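K.L.:
Predicted model and sequence follow; I will ask about them next.
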Amino acid sequence: MPSHVQTFALLLSLLVAPAAWPQGGNSTVRGSVRDQAQAAIPLAAVTLTNVNTNVARSTLTNEAGIYSFPGVFPGSYRIVGEFTGMQKFEGTLTVQTASDASVDITLRIAQSATNVDVQDVTPIVQTDTSALSSTLERQRIEQLPLLGRGYQNLLQTVPGLVYSNHGHQTGGRALAYGLQVGSTQLTMDGNPLTEEHGGWDVPRLPDLDAIQELHVEVNGSSAKFARPTTLVMSSRSGTNDVHGALFYNNRNSAYGVARQRQDTYTKPPYVNRNEYGLSIGAPVSIPKLYNGRNRTFWFYSWEGTRSRIGSTTQLAVPTPEMMAGDFRGLIDAQGRQIALYDPFTADPKTFSRQRLSYRGINNMVDPARISPVAKYLFAITKGPTLPQVNPLLGNNFSGVSMRPLEQETHSLRVDHRIGAKDLVYARVG
């Protein structure tokens with residue numbers, strides 16, 4: 001192996017996190033090789049080739065005719081089984097995230113003239129696990145109509161799973177079948193993306209173009225997962241072909257935005273949301289130095305959001321009289337005045353206090369006792385828009401609050417085949 005390739009492979013291996021393997025999105029392809037009489041065929045050659053990268057892995061069956069390919073990345077594959085004197089078997093296989101595939105191969109006696117029939121051997125039903133799960137492959141991620149660029153919108157297609165952010169712009173949490181907070185774990189290539197205490201996902205998650213598949217287990221999960229409900233995302237990798245995408249989305253109150261029921265204005269509040277990004281993947285190629293076709297690949301994704309969204313806000317705010325120290329209007333639902341007491345008049349023995357008053361008027365604060373900080377805060381606080389409403393009994397302010405949002409995310413993945421049995425990848429993002 002050339003020295004520069006060995007150096008590159010070493011750097012990649014150092015970046016890979018071994019601890020992430022158990023909860024990663026990789027799968028295992030396993031099965032048996034038998035003849036027409038269902039007798040095991042030891043030392044049969046089995047080759048698994050990624051269709052998009054042409055990276056092949058080969059193995060031999062053991063004495064029981066069993067073969068196994070651990071750590072298989074999601075994608076489309078071609079599987080070939082061969083043994084001397086037998087007709088070659090060839091099939092196509094789709095490997096999904098965190099879903100092992102069992103493919104049993106039957107070899108027939110070779111004829112003088114044979115035609116190899118290529119068949120799809122992707123398992124229709126998972127028979128080696130009792131977990132209740134759903135997988136959203138790349139095609140559905142691309143084609144499903146979504147509002148926004150977050151993975152959260154994809155979860156609406158998973159039965160029993162509910163995602164809620166309770167108004168938060170920077171995170172949310174998914175819960176399955178009414179389980180309590182903390183029962184869900186979100187991972188990307190085996191790396192946890194969930195805040196452990198409150199169950200929130202991280203503020204800025206990988207963009208949709210960087211996700212190869214999303215696998216969700218909502219019941220009966222394997223012991224390798226840390227929570228009853230697990231969302232496993234796998235990242236996209238480059239291929240032998242150069243592929244890329246460029247997008248820009250805009251949502252604006254100038255068109256297509258209706259007023260909500262709480263909006264009491266002639267037109268809806270201001271909205272201007274911009275989402276844009278690009279992604280590209282290809283084999284690593286350095287002119288006259290290195291050709292990574294069938295060996296080394298890269299995939300880069302970048303996405304940004306610039307948003308200004310106004311929404312109607314209803315609050316209970318102090319009245320101008322209260323901000324000036326006049327609390328005579330502090331009354332309950334029966335119209336009775338709520339008595340305020342001066343904390344500086346407490347008797348050290350009886351702990352009784354005198355009514356708060358100024359110039360003999362109860363519930364009045366001496367203007368000299370209002371601190372400069374309070375005066376500043378009152379000066380920048382909006383007054384009530386509904387002065388007839390008691391702030392102790394209802395919201396006396398209705399107005400538009402602006403929520404600015406500026407986010408960016410970058411993701412870079414590099415895959416490299418060291419040898420026939422060694423594949424490594426590193427992702428930064």
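P.N.:
Structure's in. What do you need?
K.L.:
Tell me which stretches of the stretch 1-150 of the chain form strands.
P.N.:
In the stretch 1-150 of the chain, the strands defined using DSSP state E, counting those that start in this stretch lie at 27-34, 45-50, 56-60, 66-72, 75-82, 89-95, 101-102, 105-106, 118-120, 132-136.
K.L.:
For the third one, which strands pair with it and how are they oriented?
P.N.:
Read that as strand 56-60. Here strand 56-60 has these sheet partners by DSSP bridges: strand 45-50 (antiparallel).
K.L.:
ok, residues contacting the strand it pairs with?
P.N.:
With Cβ atoms under 8 Å, 6 or more residues apart in numbering as the test, strand 45-50 has contacts from 29, 33, 55-61, 67, 69, 72-73, 75-83, 93, 105. Bear in mind the C-beta positions are built from the backbone N, C-alpha and C, glycine included.
K.L.:
Just the buried residues from the residues you listed, in ChimeraX please.
P.N.:
Provided next is the ChimeraX selection string for whichever of those are buried by 16 or more other Cβ atoms under 10 Å:
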select :29,33,55,57,61,67,69,72,73,75,77,78,79,80,81,82,83,93,105
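K.L.:
between the strands of the stretch 1-150 of the chain, which gets nearest to residue 235?
P.N.:
Nearest to residue 235, of all these, is strand 75-82, at 11.9 Å by Cβ to Cβ.
K.L.:
Report the angle between the closest one and strand 66-72.
P.N.:
Going by axes from the mean of the first three to the mean of the last three Cα atoms, to 10 degrees, strand 75-82 is angled at 160 degrees with respect to strand 66-72.
K.L.:
now strand 75-82: mean pLDDT?
P.N.:
Averaging pLDDT along strand 75-82 gives 93.
K.L.:
helices and strands of the protein: which one has the lowest mean pLDDT?
P.N.:
Here the helix or strand of the chain ranked lowest by mean pLDDT, DSSP states H and E is helix 3-15, holding a mean of 46.
K.L.:
Residue 222: neighbour count?
P.N.:
13 (other Cβ atoms under 10 Å).
K.L.:
can you pull the contacts of it?
P.N.:
Residues in contact with residue 222 (Cβ under 8 Å, 6+ apart) are 129, 131.
K.L.:
Can you tell me how far it is from residue 185?
P.N.:
12 Å (Cβ to Cβ, to the nearest Å).
K.L.:
Walking through the stretch 251-400 of the chain, point out its strands one by one.
P.N.:
271-283, 285-286, 290-291, 296-315, 357-358, 361-362, 397-417.
K.L.:
so what does the last one touch, helix or strand wise?
P.N.:
If I follow you right, that is strand 397-417. The contact analysis (3 or more Cβ pairs under 8 Å, 6 or more residues apart in numbering; DSSP states H and E) places strand 397-417 against helix 3-15, strand 296-315, strand 423-428.
K.L.:
Can you give the distance from that strand to the centre of its chain?
P.N.:
Offset of strand 397-417 from its chain centre (Cα atoms, centre = their mean, to the nearest Å): 12 Å.
K.L.:
With stretch 80-91 instead?
P.N.:
Mean-position distance between stretch 80-91 and its chain equals 41 Å (Cα atoms, centre = their mean).
K.L.:
Show me the domain layout of the protein.
P.N.:
Per automatic domain parsing, the structural domains of the chain span 3-120, 237-317+382-429, 321-375.
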